[in-house]
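> I'd like to go over a predicted model; first the sequence, then the structure.
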Amino acid sequence: MALIEVRDLVKKFGDQVILNGVNLDIYEGDLKVVMGSSGSGKSTLLRCLNRLEEPTGGKIVFRGENIMAADVDVRALRQSIGFVFQQFALYRHLSVLENVTLALRKLKKLPAAEAKDKALAELERLNMASHAGKYPSQLSGGQKQRVAIARALAMDPAVVFFDEPTSALDPLMTREVADMMNRLHDEGVTMLCVTHDLKLAGQISDKVVFLDKGVVRAEASIETLSQDHADERIRAFFGREADY
Ligand SMILES: Nc1ncnc2c1ncn2[C@@H]1O[C@H](COP(=O)(O)OP(=O)(O)OP(=O)(O)O)[C@@H](O)[C@H]1O
């Protein structure tokens with residue numbers, strides 16, 4: 001059984017149809033990448049999956065539970081989904097360690113010492129423990145993103161969502177984040193990443209989902225999508241300067 005099953009998902013804003021029947025399965029251990037042109041609804045899809053947006057129709061089943069049901073525990077749902085954003089979303093006035101500890105104290109209600117140990121272990125996992133006492137302004141973009149990933153993982157989520165995690169990063173730092181995501185994939189962490197960064201997609205995933213005009217148009221390797229796909233528009237989209 002898939003960890004997340006998306007069936008015929010529809011999302012409209014007024015009479016603008018953004019998602020028009022999306023079908024997608026995410027299995028435990030997947031590192032799945034969703035690509036699509038700007039405005040194709042990638043972020044909206046992620047936001048429907050953790051109920052930050054109210055879907056207009058269709059079905060989302062998460063760990064066997066219909067999360068569109070009226071009585072779903074949205075707080076618990078959000079706690080089981082880690083989120084990593086383009087702009088890192090770290091608190092500037094808190095140290096790296098405090099940034100990772102905060103949610104463990106506030107949401108998981110861990111005692112201070114336990115929260116600190118857990119946070120340090122996650123920072124260690126992301127090769128960031130030696131930076132624990134620094135502030136975000138003292139870190140490179142790639143390092144900030146690794147702290148954001150450590151913070152997401154510290155909550156022991158069932159899946160981590162990434163929304164354009166490398167948009168603010170140069171190619172070297174993108175590689176750094178991609179390497180880390182690959183390592184987490186090897187460790188069995190389930191991840192769903194939306195991006196328009198072909199480099200990142202090529203570095204982290206052998207299967208890419210193409211979202212176009214509100215539906216999943218194709219799911220295949222970038223090589224297949226760029227070279228062999230029958231739809232010329234898909235070949236053109238994935239055939240862009242792909243020097244990954
Ligand atoms: N709260 C909202 N109200 C109205 N329209 C919205 C809202 N959120 C998103 N949209 C519209 O939905 C469409 C899809 O937006 P979304 O951010 O999901 O696309 P995207 O594929 O993630 O784009 P990008 O790659 O540019 O981030 C856009 O046309 C956007 O203007």
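In hand now; what should we look at?
> Give the buried residues for the biggest helix by length in the chain.
Across the chain, the longest stretch assigned as helix under DSSP state H is helix 171-186. For helix 171-186, burial by neighbour count (16 or more other CB atoms under 10 Å) applies to 173-178, 180-181, 184-185. C-beta coordinates here come from the backbone N, C-alpha and C atoms, glycine included.
> which residues sit against it?
By CB atoms under 8 Å, 6 or more residues apart in numbering, the surrounding residues in contact with helix 171-186 are 29, 31, 126-127, 140-142, 145-146, 149, 153, 160, 162, 165-166, 169, 191, 193, 197, 199-200, 203-204.
> Show the buried residues in those.
Counted by 16+ other CB under 10 Å, the contacts of helix 171-186 give 31, 126, 141-142, 145-146, 149, 153, 160, 162, 165-166, 169, 191, 193, 197, 199-200, 203-204 as buried.
> near the ligand, which residues of the chain show up?
By CB under 6 Å from any ligand atom, the residues of the chain that approach the ligand are 13, 18, 36, 38-44, 196.
> Now for those residues: which two are most distant?
Across the residues of the chain next to the ligand, no pair lies farther apart than 13 and 196, at 20.3 Å, counting by CB to CB.
> Now do the helices in the protein.
When assigned using DSSP H, the helices of the chain occupy the ranges 42-49, 74-79, 96-106, 112-125, 141-154, 171-186, 198-204, 222-223, 232-238.
> okay, residue 13 and residue 196: which has more neighbours?
Higher neighbour count among residue 13 and residue 196: residue 196, with 17 against 10, using other CB atoms under 10 Å.
> Distance check, residue 144 against the ligand.
Spatial separation of residue 144 from the ligand under the definition CB to the nearest ligand atom, to the nearest Å is 20 Å.
> In contact with that residue, which residues?
When contacts are counted by CB under 8 Å, 6+ apart, residue 144 touches 88, 90, 136.
> Including neighbour count and distance to residue 233, could these go into JSON lines?
Formatted as JSON lines, the entries for the contacts of residue 144 read as follows, by neighbours: other CB atoms under 10 Å; distance: CB to CB, whole Å:
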{"residue": "88", "neighbour count": "21", "distance to residue 233": "33"}
{"residue": "90", "neighbour count": "22", "distance to residue 233": "38"}
{"residue": "136", "neighbour count": "19", "distance to residue 233": "40"}
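> Now for residue 31: which residues touch it?
For residue 31, the set of contacting residues under the criterion of CB under 8 Å, 6+ apart consists of 181-182, 184-185, 190-191, 193, 204-205.
> So what's the residue count around the closest residue to residue 66 other than its chain neighbours?
The shortest distance from residue 66 to any non-neighbouring residue, by CB to CB, 6 or more residues apart in numbering, is to residue 59 (6.4 Å). Burial of residue 59, expressed as a neighbour count using other CB under 10 Å, amounts to 15.
> burial of residue 226, as a residue count?
Based on other CB under 10 Å, the number of other residues close to residue 226 is 19.
> pretty sure it contacts residue 235?
Yes - counting by CB atoms under 8 Å, residue 226 does reach residue 235; the two are 5.9 Å apart.
> so the longest helix of the chain versus helix 141-154, what angle?
Relative orientation of helix 171-186 with respect to helix 141-154: 20 degrees, computed using axes from the mean of the first three to the mean of the last three CA atoms, to 10 degrees.
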